[in-house]
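Engineer: no sequence on this one, just coordinates:
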């Protein structure tokens, strides 16, 4: 297949290794990856804060970048951004009275997948060790981000892929389905509540004895990494794409895991 990479703002700006890992995984499976150069923000933060009018041009730009026959499907290593493309873009266009954009957004949304969705539902990956050569001999726990769980209905797709990685030791995270407290602008508008939620999440992660916490959204992992750092923990965070990309011959180092806002262990 020809697959368009939707990198997302935070991955492009702060976690490019996650995008590189996504490309490596897909190319390992024999697919061609292209990068639509016009892509920028998907407008999720605008919409979540109620700025539909201001989001219109942002949504229009995303649709223009991806409304092309030059690829079969699009993929992003982010549940929240894909949820925005699939569930918010049509809404923004409709609220702004732009029927043409609404129709085009529906087409783009239908072709856009979160990474674990694409790997599991479209490409048929059931064993990361066997089909991707994934190898990661570390103790890992997993946080499922809210948008992936509740809007995309990913269920255990990311977790099952992690469990199928060679040599990995997965440990269950208590209260895994509880929000980490990020929520985009929520963490700034409601900083005290956000920090309290993050502290609970970090304490649960530390209690597992894991070396790393993995997940599918860089924004949540950045937020969690900050909470872990404030508790004096040396537990890092690492996107599941980077774990899937790790092999016996070319392992991803735990020392490269993110601990606070992109800093390395």
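Structural biologist: The structure has been received and is ready for your questions. Values in this document were obtained by computation on a predicted structure and should not be read as measured data.
Engineer: strands along the stretch 51-200 of the chain, start to end?
Structural biologist: 73-76, 112-114, 139-142, 169-170 (DSSP state E, counting those that start in this stretch).
Engineer: so of these, which one's packed in deepest?
Structural biologist: Among the strands of the stretch 51-200 of the chain, strand 112-114 has the highest mean neighbour count (mean count of other CB atoms under 10 Å), at a mean of 26. For every residue, glycine as well, the C-beta is placed using N, CA and C.
Engineer: quick one on the thing from earlier: need the strands of the stretch 51-200 of the chain in a markdown table (columns: distance to residue 225 and mean pLDDT).
Structural biologist: Shown next, in a markdown table, are these (distance: least, CB to CB, whole Å; pLDDT from 0 to 100):
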| stretch | distance to residue 225 | mean pLDDT |
| --- | --- | --- |
| strand 73-76 | 20 | 98 |
| strand 112-114 | 21 | 98 |
| strand 139-142 | 13 | 98 |
| strand 169-170 | 19 | 98 |
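Engineer: a markdown table for the ones you listed, including distance to residue 231?
Structural biologist: A markdown table is the format used below for the strands of the stretch 51-200 of the chain (distance: least, CB to CB, whole Å):
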| stretch | distance to residue 231 |
| --- | --- |
| strand 73-76 | 30 |
| strand 112-114 | 29 |
| strand 139-142 | 15 |
| strand 169-170 | 22 |
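Engineer: is it correct that residue 67 is in contact with residue 106?
Structural biologist: No: with contacts counted by CB atoms under 8 Å, residue 67 stays clear of residue 106, the gap being 10.4 Å.
Engineer: so where's the stretch 151-265 of the chain shaky on pLDDT?
Structural biologist: For the stretch 151-265 of the chain, the stretches flagged by pLDDT under 70 are 255-265.
Engineer: at 50 what do you get?
Structural biologist: Scanning the stretch 151-265 of the chain for pLDDT under 50 picks out 259-265.
Engineer: please enumerate the helices of it.
Structural biologist: Taking DSSP state H, counting those that start in this stretch as the criterion, the stretch 151-265 of the chain contains helices spanning 157-163, 186-189, 191-207, 218-230, 240-245.
Engineer: and the fourth one, what's buried?
Structural biologist: What that stands for is helix 218-230. 218-229 (16 or more other CB atoms under 10 Å).
Engineer: ok, the longest one next?
Structural biologist: Of the residues in helix 191-207, those buried by neighbour count under the rule 16+ other CB under 10 Å are 194-195, 197-198, 200-202, 204-206.
Engineer: what angle separates it from helix 218-230?
Structural biologist: Interaxial angle, helix 191-207 versus helix 218-230 (axes from the mean of the first three to the mean of the last three CA atoms, to 10 degrees): 80 degrees.
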